[in-house]
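1. sequence first, then the predicted structure:
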Amino acid sequence: MAIISSKSPAEPDPGQGAAAAPASEPATKPAKPSPSLVQQSSATEPSSAEEGLRPKHLRDYIGQTALKEVLDIAIRAAQSRQEPLDHLLLYGPPGLGKTTMALILAAEMGVTCKITTAPALERPRDIAGLLVNLQPGDLLFIDEIHRLPRVTEEILYPAMEDARLDITIGKGQSARTRSIPLSPFTLVGATTRVGALTSPLRDRFGLIQRLRFYEIDELAAIVERTAQVLATPITAEGATEIARRARGTPRIANRLLKRVRDYVPLKLPVRWSQRRWQQTRCNYSM
C-alpha cells in the first residue's frame, strides 16, 4: 500500500533525483495523502465495534504498569508546558497494545492520531504529504517503523529535531533545497525488531519503552473487560482459562474469547440461555 500523490504519473519526483526545475518555478507543496490510506482517530470520533474493545484512557489500560507510570509523567509534563509529547518508540512482540497505547496518548493529549505503516511510505513524498498536513500537537503513529526505506527515514531527521521538512529539488550542481516549517508534532514508532532500527533514527526518540508479555491475572482482567463490551457472560474461571492459553498476548486472548462466544450458544444453547437470563435479571434488579 502506498500513499498516492495528486501528481500525474509523468511528473518527475523531486525526492527521486528528477531533473532540476527552472529557477523561476516555485517548489510545490507535497500533496495531501488520500484519507483512505491513512487511518485517523480523535477523541471525539465515534468508534467502531472493534475500536470499542480498546481502552480510551491510560487509567483503563490493563497491565504494563511501569510503562504507564513513565507515560503518565510525560503527559502531565507536556500538558503543563503546553507542548507536544516527546517522540516515543514502543517495541516488543506483536499484539501487546502498541497501537492502543498510541491512541490513548492522543486521547489524553486531546489531539488527533494519524496511523500508517512503514511499508506504505515507499517514497519521500509519501511521508512528506503526511508531515505537512499535521496540525499542532498531532500524533503520527508509524507501525513497523524498522521497515522504513532509508531515503524516507532521512526525511524524518529534521522533522523530529527541528519541525522542518527539507525537500531537495534537482540533482548534481543544480540541486537546491527548500525547507518547509512543520507544526510541532509527536512521532510514535512501533516495532517488533528494535535492533533493526538505525542509530540516527533511534537516537531521535526522547522516550524508548518496551512492552512486556502480560501476566495471567492481567489477561484475565482484559478478557473480562472485553466480554463486558461484547455483552458476553463469562465467569472468572472461564476468563482465567482463556488467559492461560493466550501466550501472554491480549490480542490472542480477545481472539479466543470471540471463538468461545461463537461456540457456546451453538453447542450449549440451554446453559447459555439460562446464563443470559440470569445476567439480564441481575442487570434489571440493580
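-> That came in fine, so what should we check first? Numbering: from 1, shown residues only.

2. from now on I want contacts and neighbour counts done on CA atoms only, so please keep to that.
-> Noted.

3. what about the strands in the protein?
-> 39-41, 88-91, 113-117, 139-143, 164-169, 176-181, 186-191, 207-210 (DSSP state E).

4. to residue 152, which of those strands lies closest?
-> The minimum distance between residue 152 and the strands of the chain falls on strand 164-169, with 11.4 Å, by Cα to Cα.

5. just give the number of residues close to residue 174.
-> Counted with other Cα atoms under 10 Å, residues neighbouring residue 174 total 12.

6. and the gap between it and residue 165?
-> From residue 174 over to residue 165 the distance is 20 Å, taken as Cα to Cα, to the nearest Å.

7. which of the strands of the chain has the lowest average pLDDT?
-> Lowest mean pLDDT within those: strand 39-41, at a mean of 64.

8. where are the low-confidence patches of the stretch 151-286 of the chain?
-> Low-confidence segments of the stretch 151-286 of the chain (pLDDT under 70): 268-286.

9. that one: helices as residue ranges?
-> Taking DSSP state H, counting those that start in this stretch as the test, the helices found in the stretch 151-286 of the chain are 199-202, 216-229, 236-244, 250-267, 269-285.

10. need the CA coordinates for the longest one. CSV is fine.
-> Taking Å, rounded to 0.1, in the frame of the first residue of the first chain, the C-alpha atoms of helix 250-267 are listed here in CSV:
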residue,chain,number,x,y,z
PRO,A,250,-4.0,-9.6,24.7
ARG,A,251,-4.7,-9.9,21.0
ILE,A,252,-4.7,-13.7,21.3
ALA,A,253,-6.9,-13.6,24.5
ASN,A,254,-9.5,-11.5,22.7
ARG,A,255,-9.5,-13.7,19.7
LEU,A,256,-10.0,-16.8,21.9
LEU,A,257,-12.9,-15.1,23.7
LYS,A,258,-14.6,-14.4,20.4
ARG,A,259,-14.3,-18.0,19.3
VAL,A,260,-15.7,-19.2,22.7
ARG,A,261,-18.6,-16.7,22.2
ASP,A,262,-19.3,-18.3,18.9
TYR,A,263,-19.1,-21.9,20.2
VAL,A,264,-21.1,-21.8,23.4
PRO,A,265,-24.5,-20.7,22.1
LEU,A,266,-24.4,-23.4,19.4
LYS,A,267,-23.1,-26.3,21.5
